[in-house]
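Trainee: Need coordinates for the below:
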Amino acid sequence: MSTLFSYLIKIYAEADLSQKALNVFYKMLEFNVFYKMLEFNVKSLPRHLNHILELLVSHRDFIMPIFSLFKIAYKYCVFPNTKSYNILIGAFCLNGDLSIAYKLFKKLFERGVMPNVESYRILMQGVCKKSQVNRAVDLLEDMLNKRFVPDSLSYTTLLNSLCRKKKLREGRAMYAVKVFAQPLQWKKSYQLLRNFRFQDNFKLGYQWYRPCLHHCNFSCCYDKLPACHHFFLGCVNRVNYIISGR
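Mentor: The predicted model follows:
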């Protein structure tokens with residue numbers, strides 16, 4: 001029975017009949033599908049909830065109706081998991097509703113649901129999109145305190161945002177840069193070199209440039225050589241500029 005409902009939801013969502021898809025999900029709850037599952041000692045799964053969330057969050061007009069469904073799901077013994085929260089947090093971040101996204105993030109802990117790296121990354125992307133770099137660094141610190149290892153996309157998101165805001169010289173920004181100073185991340189650090197050059201921060205850029213060469217072999221950074229070359233030329237031009245006294 002649950003498979004039939006899921007199939008109908010998928011058909012309506014793909015046909016852009018979002019309201020009908022939502023109605024089918026409510027009907028699914030009314031038919032007590034999950035209660036019947038409980039009778040057979042099977043835990044109620046959130047996959048149906050996640051399915052309807054994924055299908056409908058792309059429709060901006062349905063974000064709040066979906067949020068209402070999310071909030072009452074537990075009454076029907078459907079308990080949202082980490083993926084459920086991530087889907088909604090991402091939707092509200094894309095919609096620019098960071099306050100709701102943060103409330104959902106806090107609700108994760110209150111409900112005893114553990115976030116994952118994706119939870120932090122989604123929220124980090126949301127605050128960086130709004131140019132709230134300090135909040136992104138706060139999220140990084142919270143990740144590290146909870147012993148999460150930031151992924152490469154978190155790295156790219158935060159450092160690019162720091163570069164755009166020209167905050168590379170600040171103490172907390174440099175702390176964030178050092179956190180990501182790992183061999184596996186060197187291939188993604190060449191955009192940072194460009195930004196050091198454009199911000200005339202050659203001393204700091206040189207400190208970053210040397211270990212890049214040490215950790216990366218020629219094959220892994222061949223396509224990034226122009227970035228290193230441009231940075232080196234920038235350093236030379238800077239020295240010539242100072243010597244000439246212009």
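Trainee: Flag every buried residue along stretch 55-75.
Mentor: Taking 16 or more other Cβ atoms under 10 Å as the neighbour-count basis, stretch 55-75 is seen to contain the buried residues 55-57, 59, 62-63, 66-67, 69-70, 73. Glycine gets a C-beta too; all of them are placed from N, C-alpha and C.
Trainee: Quick check: the farthest pair among those?
Mentor: By the measure Cβ to Cβ, those have their two most distant members at 59 and 73, which lie 18.8 Å apart.
Trainee: so where's this protein shaky on pLDDT?
Mentor: Counting by pLDDT under 70, the low-confidence segments of the chain come to 1-3, 32-45, 165-246.
Trainee: want to throw the buried residues of stretch 55-75 into a markdown table with distance to residue 152 and secondary structure?
Mentor: Rendered in a markdown table, the data for those read as follows (distance: Cβ to Cβ, whole Å; DSSP: H, G, I helix; E, B strand; the rest coil):
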| residue | distance to residue 152 | secondary structure |
| --- | --- | --- |
| 55 | 28 | helix |
| 56 | 30 | helix |
| 57 | 25 | coil |
| 59 | 30 | coil |
| 62 | 32 | helix |
| 63 | 29 | helix |
| 66 | 30 | helix |
| 67 | 31 | helix |
| 69 | 34 | helix |
| 70 | 30 | helix |
| 73 | 33 | helix |
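Trainee: Do I have it right that residue 81 meets residue 53?
Mentor: No: taking contacts as Cβ atoms under 8 Å, residue 81 lies outside contact range of residue 53: 11.0 Å.
Trainee: Pick out whichever of the two has more residues nearby.
Mentor: Set residue 81 next to residue 53 and count neighbours by other Cβ atoms under 10 Å: residue 53 wins out with 25 against 16.
Trainee: Look up how far residue 70 lies from the closest residue to the more buried one other than its chain neighbours.
Mentor: What sits nearest to residue 53 in space, not counting adjacent residues and going by Cβ to Cβ, 6 or more residues apart in numbering, is residue 87, at 4.5 Å. Here the distance between residue 87 and residue 70 works out to 9 Å (Cβ to Cβ, to the nearest Å).
Trainee: Mind splitting this structure into its structural domains?
Mentor: Domain assignment of the chain by automatic domain parsing yields the ranges 1-74, 81-180, 186-246.
Trainee: Can you pull the phi/psi pair for residue 116?
Mentor: For residue 116, the backbone dihedrals (degrees, to the nearest 10) come out as phi -130, psi -180.
Trainee: got the contact list for it?
Mentor: For residue 116, the contacting residues are 82, 86, 148, taking Cβ atoms under 8 Å, 6 or more residues apart in numbering as the criterion.
Trainee: what's the answer for residue 86, then?
Mentor: In this structure, residue 86 makes contact with 116, 118-119, 122, judged by Cβ under 8 Å, 6+ apart.
Trainee: Can you tell me which of the residues you listed comes closest to residue 104?
Mentor: Top of the list for closeness to residue 104, among the contacts of residue 86 and by Cβ to Cβ, is residue 119 at 9.4 Å.
Trainee: do you know how far that closest one is from residue 26?
Mentor: Applying Cβ to Cβ to residue 119 and residue 26 gives a distance of 27 Å.
Trainee: One more: residue 74?
Mentor: 15 Å.
Trainee: And residue 136, by the same measure?
Mentor: 37 Å.
Trainee: between those two, which one's more packed in?
Mentor: residue 136 (25 against 13).
Trainee: so the more buried one sits right up against residue 127, yeah?
Mentor: Yes: contact status for residue 136 versus residue 127: in contact at 5.0 Å, counting by Cβ under 8 Å.
Trainee: Would you mind measuring the gap between the ends of stretch 54-65?
Mentor: The distance separating the two terminal residues of stretch 54-65, taken as Cα to Cα, to the nearest Å, comes to 13 Å.
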